[in-house]
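S.K.: When you get a sec, could you give me coordinates for this:
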Amino acid sequence: MIATSSTPTLLVKATSTVAATCTTAVPDANGYVPPDACNANYGFYPRWEDNAAFAIAFGLTTCAHLAQAIVLKKPFCWVIIMGALWECFCFILRTLGAKDQQNSTYVTVSTLLFLLAPLWINAFAYMVVSRLIYFLHPKQAVLTIPARWLAKGFVAADIISFIVQAAGGALMADQHSTENADLGRKVYMAGVGVQLFFVVIFIVVSISFYHQVLCDIRTGTLKNRNRWIRPLVLVIFLVLILIVERIIFRFVEFSGGVSSSNKILRHEGYQLYLDALPMLLALASLNLIHPGLVLKGPGCSFPSSKIQWWKGRSAAFEPLALRSFDRREHSSVE
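M.R.: Modelled structure (predicted):
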């Protein structure tokens, strides 16, 4: 039967004249139809066992990060908890969608979550290194950039990248329009490019900081002798490298377009083992060498801006109060 309309699909058909090039297929028990069918939501046959395994693994690392944040009293770790939870929820939806492949909501939402989840892990790496610089470096700066501004600048860049990638992902989800999907692909890749640009710069900053740490260790001038410092910095390097690998994969994946003719989009394994697995390794490595093992004691976190504001206000009011008291005492004497 020739279809006159189509349901939303993960892959855009090779031509916008859908009615003339695809047919509506009869779904199997899980709702699967061939990728070229009008009612196809997937370019591959999703395996619920693989997606369920990733959902469980991300769930475990989420629980571990939550417990570590509570035990080690590190409120800023809510960022990595969100990243792990985001991935877990994504794979729960993918697991459900594998058994109900005609439900376009599962594939649309899980795909958006999948595309954006690593940005949380990226932001956490920025926050950890900035705090290490503030905690360990005598000048609390690297390459003349203060640690606080380093954190604000790179996290802001990550947020911008998040917004751009989200906009691109939303456009790619519009499967009724080939033009919108292609525009979304370009917007998403631009956002990924912004992310890669700042990650590379941050790697340079981190290398400079690590070189200084090694020099301080050799000379014995490092003000904190925690044995977890070097392992933690190396783990952060691993996380950043895994993020770069994932970005490169996404560039290669979408360079072939978002149509059913893209061979990479026809195999789920590429997404699972070149995107999900690296992010799982990044989260698990931060469980093994948690930042809280190093960032503890006085100066381990940025002072609250409210505290700094109040100190400035109290310092300004104190002389005024003393002068006021002196004037009252002088008047009483007269």
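S.K.: check contacts around the spatially most central residue of the chain.
M.R.: Nearest to the mean C-alpha position of the chain, counting by C-alpha atoms, centre = their mean, stands L119 at 1.9 Å. Listed by C-beta atoms under 8 Å, 6 or more residues apart in numbering, the contact set of L119 reads 83, 158, 161-162, 165, 195. Where you see a C-beta, it was placed from the backbone N, CA and C, and this is true even at glycine.
S.K.: One more pass at 7 Å, please.
M.R.: Neighbouring residues of L119 by C-beta atoms under 7 Å, 6 or more residues apart in numbering: 158, 161-162.
S.K.: Got the phi and psi for it?
M.R.: With angles defined as degrees, to the nearest 10, L119 sits at phi -70, psi -30.
S.K.: does the residue nearest to A173 when sequence neighbours are not counted sit in a helix, a strand or a coil?
M.R.: In space, and not counting its chain neighbours, A173 is closest to T108: 5.0 Å by C-beta to C-beta, 6 or more residues apart in numbering. Following DSSP: H, G, I helix; E, B strand; the rest coil, we place T108 in the helix state.
S.K.: re earlier: return the closest of the contacts of L119 with respect to N226.
M.R.: For those, the residue nearest N226 by C-beta to C-beta is D158; the value is 27.0 Å.
S.K.: can you tell me the helix or strand for the closest one?
M.R.: helix 147-172 (DSSP states H and E).
S.K.: Would you mind pulling up the elements that that helix packs against?
M.R.: For helix 147-172, the packing partners by 3 or more C-beta pairs under 7 Å, 6 or more residues apart in numbering; DSSP states H and E come out as helix 104-116, helix 118-136, helix 178-219.
S.K.: Mind giving me the packing neighbours of the longest one?
M.R.: The helices and strands touching helix 178-219, judged by 3+ C-beta pairs under 7 Å, 6+ apart, are helix 118-136, strand 141-142, helix 147-172, helix 229-255.
S.K.: Please tabulate these in JSON lines, including the columns mean pLDDT and distance to L214.
M.R.: Listed next are the helices and strands packed on helix 178-219 as JSON lines, based on pLDDT from 0 to 100; distance: least, C-beta to C-beta, whole Å:
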{"stretch": "helix 118-136", "mean pLDDT": "93", "distance to L214": "12"}
{"stretch": "strand 141-142", "mean pLDDT": "90", "distance to L214": "13"}
{"stretch": "helix 147-172", "mean pLDDT": "91", "distance to L214": "18"}
{"stretch": "helix 229-255", "mean pLDDT": "94", "distance to L214": "8"}
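S.K.: Show the model's pLDDT score for T62.
M.R.: T62 is assigned 97 on the pLDDT scale.
S.K.: Can we start the residue count at 35 from this point?
M.R.: Sure thing, new numbering starts at 35, so read that last one as T96.
S.K.: pretty sure it contacts A118?
M.R.: Yes - under the criterion of C-beta atoms under 7 Å, T96 makes contact with A118 at 4.0 Å.
S.K.: more neighbours, the two?
M.R.: More neighbours surround A118 than the other of T96 and A118, with 30 against 21 (other C-beta atoms under 10 Å).
S.K.: Surely that one is in contact with L317?
M.R.: Yes - between A118 and L317 there is a contact under C-beta under 7 Å: 5.2 Å.
S.K.: what touches both of these two?
M.R.: T95.
S.K.: ok, C111 - contacts?
M.R.: 99, 103.
S.K.: Can you check the pLDDT for it?
M.R.: pLDDT, C111: 94.
S.K.: for A350, same thing?
M.R.: A350 is given a pLDDT of 48.
S.K.: before we move on, back to that, what are the buried residues along the helix holding D192?
M.R.: Using 16 or more other C-beta atoms under 10 Å as the test for burial, helix 181-206 gives 181-182, 184-185, 187-189, 191-192, 195-196, 198-203, 205-206.
S.K.: Ok, stretch 221-233 next?
M.R.: Quick answer for stretch 221-233 (16+ other C-beta under 10 Å): 221-223, 225-226, 228-230, 232-233.
S.K.: Name the surrounding residues that touch it.
M.R.: The contact list for stretch 221-233 (C-beta under 7 Å, 6+ apart) reads 149, 156, 188, 191, 194-195, 198-199, 201-203, 205-206, 274, 277-278, 281, 284-285, 288.
S.K.: Next: stretch 326-338.
M.R.: 102, 106, 108, 165-166, 168-169, 182, 260, 262-263, 266.
S.K.: go again using 10 Å as the cut-off
M.R.: Residues from elsewhere that reach stretch 326-338 (C-beta atoms under 10 Å, 6 or more residues apart in numbering): 102-103, 105-111, 161-162, 164-166, 168-170, 174, 181-182, 185-186, 257-258, 260-267, 325, 342, 344-345.
S.K.: Filter those residues down to just the buried residues.
M.R.: 102-103, 108, 110-111, 161-162, 164-166, 168-170, 174, 181-182, 185, 258, 260, 262-263, 266-267, 325.
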